[in-house]
Every structure is written in structure tokens, then in C-alpha cells.
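Chemist: any chance you could fold what I've pasted below:
(one chain, ligands or ions: 1)
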Amino acid sequence: MAPDQMSRYIFQGLMNTPKCFPAFALFEGQGSALYNAKASIEAYYPRWAEVDALQSHADQVARLLAAEYAQTGRNINIIELGVGDGQKMYLLMQALADEGLLEHTTYRPIDHSASALSEILRTVSGWEFPVSVAPVNATFCEMGQHIKAAEHEINLVVWLGSTIGYLTSSQRYSMMDTLYEQLNPGDYLLVGLDLKKSPERIREAYCSEPNPAFFLNAIHVINHHLGLQLQAGDFRHVFDYNDESGEAFSRLQCQRDILCECGGYQFHFAKGESLYVCSHHKFTLDSFCTLMQFHGFEPRITIQDNDCLIADCLTQRSRKRVPLRDATNALKDIANIVMGSPFDIASF
Ligand SMILES: C[S@@+](CC[C@H](N)C(=O)[O-])C[C@H]1O[C@@H](n2cnc3c(N)ncnc32)[C@H](O)[C@@H]1O
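Modeler: Prediction:
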């Protein structure tokens with residue numbers, strides 16, 4: 001994305017009521033490093049629980065692809081949406097290597113962060129097995145322009161790290177729509193989701209140090225793009241979780257009145273006012289599977305960590321989507337679109 005475009009998204013978010021910030025921009029600047037630091041702490045179960053699940057069960061996914069490769073002889077195209085530190089992709093690739101599939105596999109990581117992409121290229125080059133990599137620098141929104149899944153390949157989209165939870169229900173709806181349009185019948189989508197659990201456990205994962213520094217990075221990104229001089233110390237990270245809806249928000253609450261100007265436009269941050277920086281949706285496995293079916297993806301394999309904190313669901317793109325009138329449960333999710341969320345104006 002052009003830096004100018006990002007500045008526009010940020011500007012637009014600050015003009016909104018309530019003020020909001022495009023969550024994917026949190027990974028700019030020091031963001032990826034801050035994310036990796038907060039994801040490495042023991043309290044942040046989404047990272048290690050998903051690694052545990054893949055360590056024990058990635059072979060199930062690899063065996064399914066191996067069977068399909070044996071049947072069709074089609075090469076495998078792995079598209080990863082949002083890269084991490086490479087640990088999870090390594091486990092998946094290792095399982096593919098064990099099935100003898102690597103020489104027929106291409107790995108296409110997609111990320112809007114150029115630094116995250118160069119980091120993953122460096123990591124992959126250090127693996128003991130060779131992997132053919134074709135990185136794509138784009139946002140999920142722009143994905144459609146870059147990826148039209150090849151019909152002569154077995155396509156697997158890998159979307160891990162509960163990144164789907166960062167999207168609002170309407171963003172999720174449009175993302176799933178894009179995935180359905182871009183993939184071919186029979187293609188695979190592996191989604192990592194965070195499950196509902198005790199609010200205390202969730203709160204601890206998102207509030208323990210050094211979580212606040214990651215969310216406060218929004219202030220540095222705003223300053224960088226809009227030429228402002230806001231102080232991170234004037235904001236406090238607040239986490240809200242609604243156990244019933246599974247909706248969680250990270251917001252930065254302003255600790256004093258601040259007036260600043262960008263391009264002749266005055267922004268006023270009132271004392272106590274919130275800047276919404278990220279949502280983190282928590283699912284139940286049942287509601288997630290219903291949602292996937294509604295969007296035209298049939299659940300095939302679900303893998304979990306020992307404590308069932310998270311789940312990775314492998315789904316397969318159907319030929320047809322469920323007619324809207326039959327999608328009773330999924331309609332609850334669609335209803336949220338009408339209710340809206342502070343993030344709906346922010347791009348993804
Ligand atoms: C939560 S991390 C997850 C990383 C990895 N998948 C994992 O499981 O550890 C999200 C990654 O996705 C990228 N990302 C988030 N939102 C994005 C968007 N809308 N478009 C492109 N990349 C995005 C970020 O830059 C970051 O590298």
C-alpha cells in the first residue's frame with residue numbers, strides 16, 4: 001500500500017466518532033517486533049497453543065494434501081495471509097517435507113508489512129529444507145488484485161494467529177467473500193481462531209506487559225504518517241471483553257485534553273476519550289463452523305492444543321454457498337454488521 005494511502009486511512013479514522021485506527025497499521029515501524037515480544041510471553045496463549053496444535057497435528061493436513069497430490073498430480077500453492085515469525089509455517093512445511101511434497105510446493109506469504117516479509121524470507125532461507133517462496137506485499141483488502149488461485153494447482157490459504165479475530169464482522173464478511181471468489185471449488189482454507197474461554201484468561205493474555213507497548217505503537221504510527229507529535233505517555237491501553245458476544249477491543253484512552261493540527265484540520269482528543277486500535281473476536285467452534293459453511297467453506301479437519309484454547313480449522317471451498325434463507329445461525333453474525341462497530345470505517 002502506498003504510504004499516502006495509509007496516511008489517508010489513519011486521518012479518516014481520527015475524524016471518525018469514536019476515533020479509530022486501522023489495526024493492521026499496528027505492525028508498522030517497531031510494530032512487528034513489539035508483536036513478537038508480546039506474543040512470546042507465557043500469558044499470551046494464542047501463540048504457543050497454536051504451535052502446540054501444529055506440532056502434534058500438522059501431519060493430518062499434510063496427509064490430506066499428499067492424498068490429493070497422489071490422485072491429481074497437481075502442485076501445491078500455499079498462500080499465507082499475514083506472516084509471523086515463521087515458526088508455525090515451519091511446522092507445516094516440515095510435515096509436507098515428511099510426505100515428500102516440498103519440491104511440488106510454492107509458498108506465497110502475503111503481508112502489508114515489507115519488513116515482516118523480508119524477515120520471513122530470511123527465516124525461510126535458514127530452514128534445513130529448500131522452499132520456493134514468492135512474497136506478495138499487499139493488504140488483505142488488496143489480495144484479490146494479487147491472487148487468483150491457479151486452477152491447475154491445489155491451493156491452500158493459511159490464515160493463522162487468530163488474525164481473523166482482528167476483523168469486524170463486516171470486514172470478515174467481505175474477506176470471506178473475497179476468499180470464496182478467489183479460490184476454486186475444492187481449494188483449502190486453514191484458519192486459526194481463538195476460542196471463548198474465561199474472561200480472566202483472555203484479559204491476562206492481552207493486558208500483561210509488554211502488550212500495552214504494542215497497542216501504543218499506534219501513536220508512533222500516527223505521528224509518522226500525519227506529522228503529529230502526540231506522546232504515547234498521554235494514552236493508556238484499555239481492554240474490554242464481552243463474554244457473551246466474544247467481542248474484545250483494545251483502545252487507547254487519552255489522559256489529558258490534547259489539541260493538534262494536521263493539514264489545517266484540528267483534532268481534539270478530550271481527556272478520557274478513546275482511540276479504538278484493535279478488535280479481537282473470540283469464537284465457539286460451532287459458531288465458527290456455521291459461519292464457514294455460510295461463506296461456502298466446508299469444515300474438514302479441526303486441530304487443537306491439549307487445553308483446547310485455540311483451534312485451527314481446515315475447510316474446503318464448496319461449489320455453492322448456502323442460500324441466505326437457510327443460514328439461520330450465521331445470520332446472528334450478519335446482524336452485527338447492521339449494528340456496526342467503531343472499526344467498520346477502518347480499512348483492512
Ligand atoms: C497477528 S500477526 C499473525 C502472524 C502469523 N500468522 C502468526 O500466526 O503468528 C498478523 C500479521 O498479519 C499482518 N496483517 C495484519 N492485518 C493485515 C492486513 N489487513 N493486510 C495484510 N497484512 C496484515 C501483520 O503485518 C502481521 O505480520
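Chemist: which non-adjacent residue is nearest residue 32?
Modeler: residue 116 (4.9 Å; C-beta to C-beta, 6 or more residues apart in numbering). For glycine as for every other residue, the C-beta is placed from the backbone atoms N, C-alpha and C.
Chemist: could you identify the longest helix within this structure?
Modeler: helix 45-72 (DSSP state H).
Chemist: ok, then the element right after that helix?
Modeler: strand 75-81 (DSSP states H and E).
Chemist: for the stretch 1-150 of the chain, which residues are neighbours of the ligand?
Modeler: The stretch 1-150 of the chain comes close to the ligand at residues 24, 27, 32, 82-84, 88, 111-113, 116, 139-140, as judged by C-beta under 6 Å from any ligand atom.
Chemist: measure residue 70 to the ligand for me?
Modeler: According to C-beta to the nearest ligand atom, to the nearest Å, residue 70 and the ligand sit 29 Å apart.
Chemist: let me fix that, I meant to ask about residue 303.
Modeler: Look at residue 303 and the ligand: by C-beta to the nearest ligand atom, they are 14 Å apart.
Chemist: so that residue makes contact with residue 57?
Modeler: Yes: assessed by C-beta atoms under 8 Å, residue 303 is found in contact with residue 57 at 3.8 Å.
Chemist: how much space between residue 92 and residue 84?
Modeler: Using C-beta to C-beta, to the nearest Å, residue 92 is found at 12 Å from residue 84.
Chemist: and for residue 160, the neighbour number?
Modeler: Per other C-beta atoms under 10 Å, the neighbour tally for residue 160 reads 26.
Chemist: grab the nearest non-local neighbour of it.
Modeler: residue 192 (3.8 Å).
Chemist: once you drop chain neighbours, what's closest to residue 297?
Modeler: residue 315 is the one closest to residue 297 (C-beta to C-beta, 6+ apart), at 3.8 Å.
Chemist: swap in residue 224?
Modeler: Counting by C-beta to C-beta, 6+ apart, the nearest residue to residue 224 once its immediate chain neighbours are dropped is residue 29, at 6.5 Å.
Chemist: picking that back up, which ones are touching the residue nearest to residue 297?
Modeler: 188-191, 292, 297-300 (C-beta atoms under 8 Å, 6 or more residues apart in numbering).
Chemist: PyMOL command to pick out the buried ones of those?
Modeler: A single PyMOL command selects the buried members of the contacts of residue 315 (16 or more other C-beta atoms under 10 Å):
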select buried, resi 188+189+190+191+292+297+299
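Chemist: now pLDDT and secondary structure too, for the contacts of residue 315, in CSV please.
Modeler: Listed next are the contacts of residue 315 as CSV, based on pLDDT from 0 to 100; DSSP: H, G, I helix; E, B strand; the rest coil:
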residue, pLDDT, secondary structure
188, 97, strand
189, 97, strand
190, 98, strand
191, 98, strand
292, 93, helix
297, 96, strand
298, 96, strand
299, 96, strand
300, 96, strand
